[in-house]
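*Asks:* model this:
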Amino acid sequence: MKQYIIKGGTPLRGEVTIGGAKNAALGIIVAAIMANEPVTIENLPDVDDVHVLLDAIEGIGAIVERMDTHTVKINGALINNMSVDEDAIRKIRGSYYLVGALLGKYKKALVALPGGCQIGSRPIDQHIKGFEQLGAEVTIHHGKIDARAERLAGEHIYLDCPSVGATINIMMAACMAEGRTIIENPAKEPHIVDVANFLNSMGANIRGAGTDAIRIRGVESLHGSEYSIIPDQIEAGTYMLAVAATGGDVYIKNVIPKHLEAITAKLVEIGARVEEFDDCVHVVADHRLSYANVKTMPYPGFPTDMQPQMTTLLALSEGTSIVTETIFETRLKYVGELRRMGANITVEGNAAFITGVDGFSGAAVSAPDLRAGAALVMAGLAAEGFTSIDHIHYIERGYENFEEKIRGIGGNIDKIDAEDERAVRKFKMKVS
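*Replies:* Predicted structure coming up:
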């Protein structure tokens, strides 16, 4: 089993380049199979979730040609199986997008229920509601979602909550339904807009993504396209907060600053300096930062995927802060790991009450999920001494070349076999 080992206490400095958005990539990869012509996708993040999904669509007959590390060509013309039942696909949340894509194109889908990080209840009732309103019959049996329809017809669909997954899934099914569909109260995240733009590049007719209502006119078929995925706002935000936690000075390149506004605003509020350029942000934290109250909200609010990282930063800041999680009810379970490193955090319900400490000390900790794992890496980089982090497979689901990028801005981190004591000694000698 692999683990990260970190020697903390060194401010991050230099430049780091952000990759393509994982959450956009998952929707776009699946949407690509709806065309019967080749589709080329660029700026694809080289992360585990992407590899699992590419293998899954290849398994049902799609032609997948990996052009290079960040480019893939997909052709869905030869798909011959509407049943997706692989062990790997159960490990990622984005597998449920296959329902919307297959239902839209073939009017039937049988897909294993999704997995992903265990951060709380993430029901698919809004997905099912949307499919049924478009005319599908949906059942769940033997751990699979079974959706089928004689025909799909446009409908006025109101989402009870702005679900990212449901918005993308319904949008894919509706773009090949007959007539006009309106999705009200949709999610507005940047990757929603990116998936919509990608579908439009293949000939779909989608308007209003990123607003309060998405309007879709169904088309009979989709064609080939070339498309480049947007930068990953969560990867960028993670580095922004890591720089602040270590008292660093880093230019974070290949970003869309507007997508980072909620993160930037909180950093500025607690005393960091953030300078924005066309496709870059410059973060500087040359003094101890202050406290803040943070509440996670759907975009454009503060993202739930940045909550563990922000909690970690505030635990190192001066004063008392409160972080309230409103999206996923068990997303604070990593707090016990931060306490092992010296954090002073009390959890009551969905809120973390934080009293800032002067610093963390290295410890052996375990990543409970993707974003909490990244937060523990942040904590290790800021801590005095050595930190080891187990279960880093969670982190590798969503961060490309994480340890290499961190080393590139001065962080002392390596990935080793957990049982390899020689590797541990070698690392400690190198950074001493």
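
*Asks:* low-confidence stretches in this structure?
*Replies:* Along the chain, the parts satisfying pLDDT under 70 run over 85-91, 93, 115-122.

*Asks:* strands along the stretch 1-150 of the chain, start to end?
*Replies:* Residue ranges of the strands in the stretch 1-150 of the chain, as given by DSSP state E, counting those that start in this stretch, are 2-7, 13-17, 39-42, 63-68, 71-75, 83-84, 108-112, 137-141, 144-148.

*Asks:* list the buried residues of the helix or strand following the last one.
*Replies:* Toward the C-terminal end, the helix or strand that comes next after strand 144-148 (DSSP states H and E) is strand 156-158. Buried residues in strand 156-158, defined by neighbour count with 16 or more other C-beta atoms under 10 Å: I157. C-betas here are computed from N, CA, C, even on glycine.

*Asks:* and strand 156-158, how far out from the chain middle?
*Replies:* 26 Å (C-alpha atoms, centre = their mean, to the nearest Å).

*Asks:* quick one: L199 is in a strand?
*Replies:* No: looking at L199 with DSSP: H, G, I helix; E, B strand; the rest coil, it is helix, so not inside a strand.

*Asks:* was I right to think it contacts A173?
*Replies:* No: counting by C-beta atoms under 8 Å, L199 sits too far from A173 to count as a contact (11.2 Å).

*Asks:* joint contacts of the two?
*Replies:* With contacts taken as C-beta atoms under 8 Å, 6 or more residues apart in numbering, L199 and A173 have no neighbour in common.

*Asks:* tell me which helix or strand the residue lying farthest from the centre of the chain sits in.
*Replies:* Relative to the mean C-alpha coordinate of the chain, counting by C-alpha atoms, centre = their mean, the farthest residue is M429 (35.1 Å). Element membership for M429, per DSSP H and E: helix 421-431.

*Asks:* buried residues in that helix?
*Replies:* A423, V424, F427, V431.

*Asks:* likewise stretch 131-150?
*Replies:* F131, Q133, L134, G135, A136, V138, K144, I145, D146, A147, R148, A149.

*Asks:* the last one: what's it in contact with?
*Replies:* Read that as A149. A149 makes contact with L103, K107, K108, L134, G135, A136, E137, according to C-beta under 8 Å, 6+ apart.

*Asks:* got the residues you listed as CSV, with distance to A187 columns?
*Replies:* Below are the contacts of A149 laid out as CSV (distance: C-beta to C-beta, whole Å):
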residue, distance to A187
L103, 19
K107, 25
K108, 26
L134, 18
G135, 23
A136, 21
E137, 25
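
*Asks:* closest to F402 out of these?
*Replies:* Distance to F402, by C-beta to C-beta, is smallest for L103 among the contacts of A149, at 35.1 Å.

*Asks:* give me the number of residues near that closest one?
*Replies:* Residues lying near L103 (other C-beta atoms under 10 Å) number 30.

*Asks:* go on, the one 4 residues further on?
*Replies:* The local packing count at K107 equals 19, with neighbours defined by other C-beta under 10 Å.

*Asks:* wait, it sits on L152?
*Replies:* Yes: counting by C-beta under 8 Å, L152 is a contact partner of K107 at 6.7 Å.

*Asks:* anything in contact with each of those two?
*Replies:* Common neighbours of K107 and L152 are listed as A136 (criterion: C-beta under 8 Å, 6+ apart).

*Asks:* helices of the stretch 301-432 of the chain, start to end?
*Replies:* Along the stretch 301-432 of the chain, counting by DSSP state H, counting those that start in this stretch, helices occupy 307-315, 335-340, 370-382, 393-396, 402-408, 421-431.

*Asks:* now tabulate those helices in JSON lines and tack on distance to P162.
*Replies:* Below are the helices of the stretch 301-432 of the chain laid out as JSON lines (distance: least, C-beta to C-beta, whole Å):
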{"stretch": "helix 307-315", "distance to P162": "17"}
{"stretch": "helix 335-340", "distance to P162": "27"}
{"stretch": "helix 370-382", "distance to P162": "19"}
{"stretch": "helix 393-396", "distance to P162": "26"}
{"stretch": "helix 402-408", "distance to P162": "29"}
{"stretch": "helix 421-431", "distance to P162": "44"}
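
*Asks:* nearest to T355, of those?
*Replies:* Of the helices of the stretch 301-432 of the chain, nearest to T355 by C-beta to C-beta is helix 307-315, at 8.3 Å.

*Asks:* next, the angle helix 370-382 makes with the closest one.
*Replies:* In this structure, helix 307-315 runs at an angle of 30 degrees to helix 370-382, with axes from the mean of the first three to the mean of the last three C-alpha atoms, to 10 degrees as the basis.

*Asks:* which strands and helices lie in contact with helix 307-315?
*Replies:* Under the contact definition 3 or more C-beta pairs under 8 Å, 6 or more residues apart in numbering; DSSP states H and E, helix 307-315 sits against helix 233-246, strand 293-295, strand 320-324, helix 335-340, strand 344-348, strand 351-355, helix 370-382.

*Asks:* can you do 6 Å?
*Replies:* Counting contacts by 3 or more C-beta pairs under 6 Å, 6 or more residues apart in numbering; DSSP states H and E, helix 307-315 is packed against helix 233-246, strand 351-355, helix 370-382.

*Asks:* identify the residues contacting it?
*Replies:* Residues outside helix 307-315 that contact it (C-beta atoms under 6 Å, 6 or more residues apart in numbering) are 238, 241, 244-245, 294, 296, 321, 323, 325, 334, 343, 345, 352, 354, 371-372, 375, 378-379.

*Asks:* quick revisit: who wins for proximity to K266 among the strands of the stretch 1-150 of the chain?
*Replies:* strand 13-17 (19.8 Å).

*Asks:* from the contact counts, what lies against the closest one?
*Replies:* Counting by 3+ C-beta pairs under 6 Å, 6+ apart, strand 13-17 packs on strand 249-253.
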